[in-house]
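> requesting a structural model of the entry that follows:
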Amino acid sequence: MITRILSSNRGVAILVTIAIITLLITIALELNRKSRSVIASTAAIMDQYTLSHMTSSGLNAAIALLIKDKLESETDSIQEDWADPDKIAFLLEDIPFEDGEIKLKISDELGKIQVNALVAYPDRSEFSEIQKNLWDHFLRLIIVERELPEEIDLSCIINSVKDWLDFDNEITGLSGAESEYYHDSDTPYSCRNAPLSNLNQLAMIKGVSPEIFYNYNGMPGISEYMTVYGMTNPDSTYAGKININTAEAHVIAALLPDDSRYLSSDICEYRQEMSDLKFLYDLSSNIWYKNVPGCEDIEIDSNLITTSSDFFQIVSVAKLREMEMITTAIVQRLKDNESGKWKCKILSRQTE
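Numbers count the residues shown, from 1 in each chain. Prediction:
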């Protein structure tokens, strides 16, 4: 009898011991899982933090390059260091990051059409006629290139953009649009009656269809060639002048007479011609385009072009192991009132 009781107790003890060991193993495994999860999460947070510093370093390097450029030349063109990918890559070699790399791209915002310049300042109640004509030329090019329906009403787009920008609530022409038009949409909103602060707002305007605004059939939309920046101080106006030294072929074509638009690619190639690693042609004069074969008799309104800029887009891309972070900033070069030194003011900044 006593032997059975002892044997039974030993069996229970063994079962209890096994249960406890199983529980401890389960707890240990769960703690190990949580620890690994915490470690991985902490590592990811640290990598995000490092990436943030990397993109900021790239942004600061770009700003330093733009300030250096301003001290050396009043002209801004694709011939300069800030526009040369190889020279930018060389600059970034001085900012080494273990297990990571930075890439930079700097582009001129004034190589684009300034949306807010469509209305005349300071009253902002009437069209700027030269800008209106520029829009008309440019939109016609986009429609033909994308083989969009010819019945697209260009006056509807241009008049509606003007109504979005101007101060009053008067509808422009027969095809413009003020707040009453937008209040009837599925998601009602009001006409801004002020300059655009973000280019995506352009897609909210009557007539600006997705086929025109966004990429279409593999071709860039008008959003690639337009900007909301360009306001000058202290008078807070948009000059609307396009930097002919940096503008892409589509924008240059819109500046040319109808029968000469095919020369836009020749003008772009002329800017880049080199010999012995040196650029051949000087781009400091705003009539240098006349030196391009076939352009001798072409006249571009001097109120539409410039050879300098102080508004730039900087894209700083940081990669660390399997992670990537992209910071896009718009900066304006200006002179500090107190020190008299050049600096870059960040107008917008977005990280993804």
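> in this protein, which spans are strands?
Applying DSSP state E to the chain gives strands spanning 100-108, 113-114, 226-227, 231-232, 237-238, 242-243, 274-275, 278-279, 305-306, 311-320, 323-335, 342-351.
> off-centre distance for the fifth one?
What separates the centre of strand 237-238 from the centre of its chain is 20 Å, taken as C-alpha atoms, centre = their mean, to the nearest Å.
> low-confidence ranges, this structure, go.
Counting by pLDDT under 70, the low-confidence segments of the chain come to 1-11, 28-44, 150-151, 232-236.
> mind giving me the domain split of it?
Following automatic domain parsing, one gets these domains for the chain: 2-109+311-351, 111-304.
> using TSV, lay out these together with mean neighbour count.
Every C-beta, even on glycine, is put in place using the N, C-alpha and C of the backbone. Formatted as TSV, the entries for the domains of the chain read as follows, by neighbours: other C-beta atoms under 10 Å:
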stretch	mean neighbour count
domain 2-109+311-351	14
domain 111-304	16
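> want to try CSV for the strands of the chain, with distance to residue 287 as columns?
Supplementary listing: the strands of the chain in CSV, determined by distance: least, C-beta to C-beta, whole Å:
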stretch, distance to residue 287
strand 100-108, 19
strand 113-114, 20
strand 226-227, 24
strand 231-232, 23
strand 237-238, 23
strand 242-243, 14
strand 274-275, 22
strand 278-279, 18
strand 305-306, 9
strand 311-320, 23
strand 323-335, 24
strand 342-351, 27
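> for residue 61, find the nearest of those.
Proximity of these to residue 61 was assessed by C-beta to C-beta; the nearest stretch is strand 100-108, lying at 6.8 Å.
> the inter-axis angle of the closest one versus strand 323-335?
40 degrees (axes from the mean of the first three to the mean of the last three C-alpha atoms, to 10 degrees).
> state the distance from the residue nearest the centre of the chain to residue 122.
With distances taken as C-alpha atoms, centre = their mean, the residue of the chain nearest its centroid is residue 313 (5.9 Å). For residue 313, the distance to residue 122 under the criterion C-beta to C-beta, to the nearest Å works out to 27 Å.
> ok so, going back, now the residue nearest to the centre of the chain, nearest residue through space, not along the chain?
On the basis of C-beta to C-beta, 6 or more residues apart in numbering, the spatially nearest residue to residue 313 that is not a chain neighbour turns out to be residue 107, at 4.9 Å.
> for that neighbour, which residues are in contact?
With contact set as C-beta atoms under 8 Å, 6 or more residues apart in numbering, residue 107 has these partners: 83, 246, 312, 313, 315.
> so which of those is the closest to residue 336?
residue 312 (17.6 Å).
> contacts only, for that closest one.
62, 66, 82, 106, 107, 108, 109, 330, 331, 333 are the contacts of residue 312 under C-beta under 8 Å, 6+ apart.
> does residue 92 touch residue 102 like I think?
Yes: here residue 92 lies in contact with residue 102, judged by C-beta atoms under 8 Å, at a distance of 5.3 Å.
> any shared contact partners between those two?
Common neighbours of residue 92 and residue 102, using C-beta under 8 Å, 6+ apart, are 58, 61.
> contacting residues around residue 157?
Residue 157 makes contacts with 135, 139, 205, 206, 207, 208, 212, as judged by C-beta under 8 Å, 6+ apart.
> can you pick out the ones from these that are in helices?
Cross-referencing the contacts of residue 157 against helices under DSSP state H gives 135, 139, 212.
> same list, those residues, but as JSON lines with distance to residue 259 please.
Output for the ones in helices among the contacts of residue 157, formatted as JSON lines (distance: C-beta to C-beta, whole Å):
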{"residue": "135", "distance to residue 259": "19"}
{"residue": "139", "distance to residue 259": "18"}
{"residue": "212", "distance to residue 259": "24"}
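> hang on, the earlier thing: so the residue nearest to the centre of the chain versus residue 157, what's the distance?
Residue 313 is 24 Å from residue 157, where distance means C-beta to C-beta.
> over to residue 100?
Per C-beta to C-beta, residue 100 is found 44 Å from residue 157.
> what does residue 63 give?
Noted for residue 63: a distance of 36 Å to residue 157, by C-beta to C-beta.
> and what of residue 346?
Residue 346 sits 31 Å away from residue 157 when distances are taken as C-beta to C-beta.
> again with residue 52
40 Å.
> got the contact list for the nearest residue to residue 341 once chain neighbours are set aside?
Once its chain neighbours are removed from consideration, residue 341 has its nearest residue in residue 335; the separation is 7.0 Å (C-beta to C-beta, 6+ apart). Applying C-beta under 8 Å, 6+ apart, we find residue 335 in contact with 341, 342, 343.
> which one among those residues gets closest to residue 130?
After measuring the contacts of residue 335 against residue 130 - C-beta to C-beta - the closest member comes out as residue 342, at 30.1 Å.
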